[in-house]
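>>> A structural model of the following input is requested.
(chains A and B)
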2 protein chains.
Amino acid sequence: MNPEIYILGSSSATPTRERHPSSQILKIGSEKIMIDCGEGTQSQLIKFGIRHTGLDYILISHLHGDHYFGLIGLISTMSLMGRKQVLHIIGPPPLKQILDLQILHSGMTLKFEIIFYPTNPGRQEFVLSNQSFELTSFPLKHRIHCTGFLIRESKKERHINMEAIQQYKIPVASFKGIKRGENFVLPSGEELDNALLTFDPEPCRSYAYCSDTIFDTDIVAYVKGVNTLYHESTYMKNNQERATLYFHSTAEQAATIAKMAKVGHLIIGHFSSRYDHLQPMLEEAREVFPNTDLAEEGEKFMLSVTKEVLVHS
Amino acid sequence: MNPEIYILGSSSATPTRERHPSSQILKIGSEKIMIDCGEGTQSQLIKFGIRHTGLDYILISHLHGDHYFGLIGLISTMSLMGRKQVLHIIGPPPLKQILDLQILHSGMTLKFEIIFYPTNPGRQEFVLSNQSFELTSFPLKHRIHCTGFLIRESKKERHINMEAIQQYKIPVASFKGIKRGENFVLPSGEELDNALLTFDPEPCRSYAYCSDTIFDTDIVAYVKGVNTLYHESTYMKNNQERATLYFHSTAEQAATIAKMAKVGHLIIGHFSSRYDHLQPMLEEAREVFPNTDLAEEGEKFMLSVTKEVLVHS
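Have a look, this model is predicted:
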């Protein structure tokens, strides 16, 4: 199945009457990954009918509250609901101390293990991989330690070419290796190249998440050619000075990064509370990079094209 | 003006589709006091059109997340909105360390001072007083350090008896002292008792907040005769064993405390997510203490009687 992004929150700094602070869910392979977890994220999950069971990875970009104040509440709820499976949390090093302190003083006894992976804001780093995805973090320039994330589908198995298999009478027991790309040696000793026996798998799709950041062309190299890029767009270009002052970006700047990196699709979010209507923000971005959408809460995007509206259950 | 209670959250443990974790606002004299601050409280303030400016006191009963996970987000928002006036926070000692750590790593530079008053779960303690109210904390028996709060209007000025003032030709300059209860000495040397010169002020109204607690008749002495008592009612009596196991109370038990303490009015809240409909809970309490109401979100109660529904702005 194509990976999907669910938008749970799109507001910068504070909640507004209509919008909530940053949070997204990426469904990829058999995994669900939460990316950022602002206050109220667990209520947004309830609102959009997304279960937190099966949510095994939570990525936190930085320790401004609008990106993580909902995390401890979600962990509490997971604990109360009897969670047992490991939870992987990826974020800035002090996050572990903050969570540990709150867990300690709440008297919570977690029945599940938390594995914590500290991020490094100094350079691009491979974080982890599993059968569904590979995760890399990369530096973002913000007021405090902040990283973006690149999530790429894990290498997929090659497809068996059944005609060739029959032609060479290759036994089923060898399929596993052949799907992984191995060659096959015939009883005669002749070695068949894997390309003769298989077709290419579907390409590995990729998603990059950049929040929060000043306009920074260093990002281009980290997100080059991804299917979908999420890039913060706190302001419009008439507030570019303000954006720079606070280490944020404008819609035009987000679109410029998308264009330079030749990505397939751009989602912009993290909107300042000063914008009640977001259409002008979208138009500003589309002038530079036409295939742009707004990260509106309750929307689901396929990597890298279609958009659907989640049913508010 | 009569003090008023605004209910912002009424759910125990986790948010539900309809309810949010504990939080209330008490307006008393010229002050607004927040009591507990579960996750999402700042969004509830927005929903009900209550401004956080002028909110100078926040009381936290204990460090279970459904009573305080919204506090750091509210402090962040106050900071972003340019707050300058002192914020008084009253709660268990580790709360200060938790807040300090999150403030440090967010890079926030608060432009306002936080004065922190640690509570003591071991005994009843006077916490502070100002021109509007006097605050006392008292022990509650829960799974972790937990206190209730008693808030009483500060002593009010006595009303001048204008007839007596004219009769004795008392100068206006002396009114201030007389309102405070001082006697007056005539030029002849005769001392007039204050009771001759004044009428009693309106009685000082009082509010007691008990969340979370096992059924505990020790509470009766702390809340004796208050106008309004809030007492948690997580379960109904058919779940009394469960209530006891988790150091919570039933509706019947909350009402029993209200009856024993001869309070004027009881508000019950902190409802388990298992109860979709709360009418049976209310009826259970009213069988023991008829003047009981449910702490439903968006409701406003005058101390100690009338109930109004807030307009969702």
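>>> and A:Glu31, what does it touch?
A:56-57, A:130, A:132-133 (CB atoms under 8 Å, 6 or more residues apart in numbering or on different chains). For every residue, glycine as well, the C-beta is placed using N, CA and C.
>>> how close does it get to B:Ile28?
51 Å (CB to CB, to the nearest Å).
>>> Let's have the contacts of A:Glu31 in CSV, adding neighbour count and secondary structure.
Formatted as CSV, the contacts of A:Glu31 follow (neighbours: other CB atoms under 10 Å in any protein chain shown; DSSP: H, G, I helix; E, B strand; the rest coil):
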residue, neighbour count, secondary structure
A:Asp56, 17, strand
A:Tyr57, 25, strand
A:Asn130, 14, coil
A:Ser132, 17, coil
A:Phe133, 24, strand
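>>> Show me which residues of the lengthiest helix in chain A are buried.
Ordering each helix of chain A by length in residues (DSSP state H) puts helix A:94-106 first. Neighbour counts using 16 or more other CB atoms under 10 Å in any protein chain shown place A:94-95, A:98-99, A:101-103, A:105-106 of helix A:94-106 among the buried residues.
>>> That helix relative to helix B:94-106, how many degrees between them?
170 degrees (axes from the mean of the first three to the mean of the last three CA atoms, to 10 degrees).
>>> For the residue of the stretch 151-300 of chain A found nearest chain B, list the residues it contacts.
For the stretch 151-300 of chain A, the residue closest to chain B is A:Ser273, as judged by CB to the nearest CB, at 9.5 Å. A:Ser273 is in contact with A:11-14, A:16, A:19, counting by CB under 8 Å, 6+ apart.
>>> Tell me the one of the contacts of A:Glu31 nearest chain B?
A:Asp56 (19.6 Å).
>>> surely that closest one meets A:Lys32?
Yes: counting by CB atoms under 8 Å, A:Lys32 is a contact partner of A:Asp56 at 7.0 Å.
>>> Count the residues that sit near A:Asn120.
Neighbour count for A:Asn120, taken as other CB atoms under 10 Å in any protein chain shown: 15.
>>> Test for you: state the pLDDT assigned to it.
On pLDDT, A:Asn120 comes in at 94.
>>> State whether it is indeed within a helix.
No: assessed with DSSP: H, G, I helix; E, B strand; the rest coil, A:Asn120 is coil; it does not lie in a helix.
>>> ok, it touching A:Thr147?
Yes: contact status for A:Asn120 versus A:Thr147: in contact at 7.5 Å, counting by CB under 8 Å.
>>> residues from the stretch 1-150 of chain A in reach of chain B?
Counting by CB under 8 Å from any CB of the partner chain, the residues of the stretch 1-150 of chain A close to chain B are A:13-17, A:20, A:39-40, A:42-43, A:46-47, A:63-66, A:69-70, A:72-73, A:76-77, A:80-81, A:92, A:94-95, A:97-98, A:101-102, A:104-107, A:143-144.
>>> Between all of the contacts of A:Ser273, which two are separated the most?
Spatial extent of the contacts of A:Ser273 (CB to CB) is set by the pair A:Ala13 and A:Arg19 at 10.5 Å.
>>> Show me the shaky parts of the stretch 201-313 of chain A.
A:304-313 (pLDDT under 70).
>>> 90 instead, please
A:201-204, A:303-313 (pLDDT under 90).
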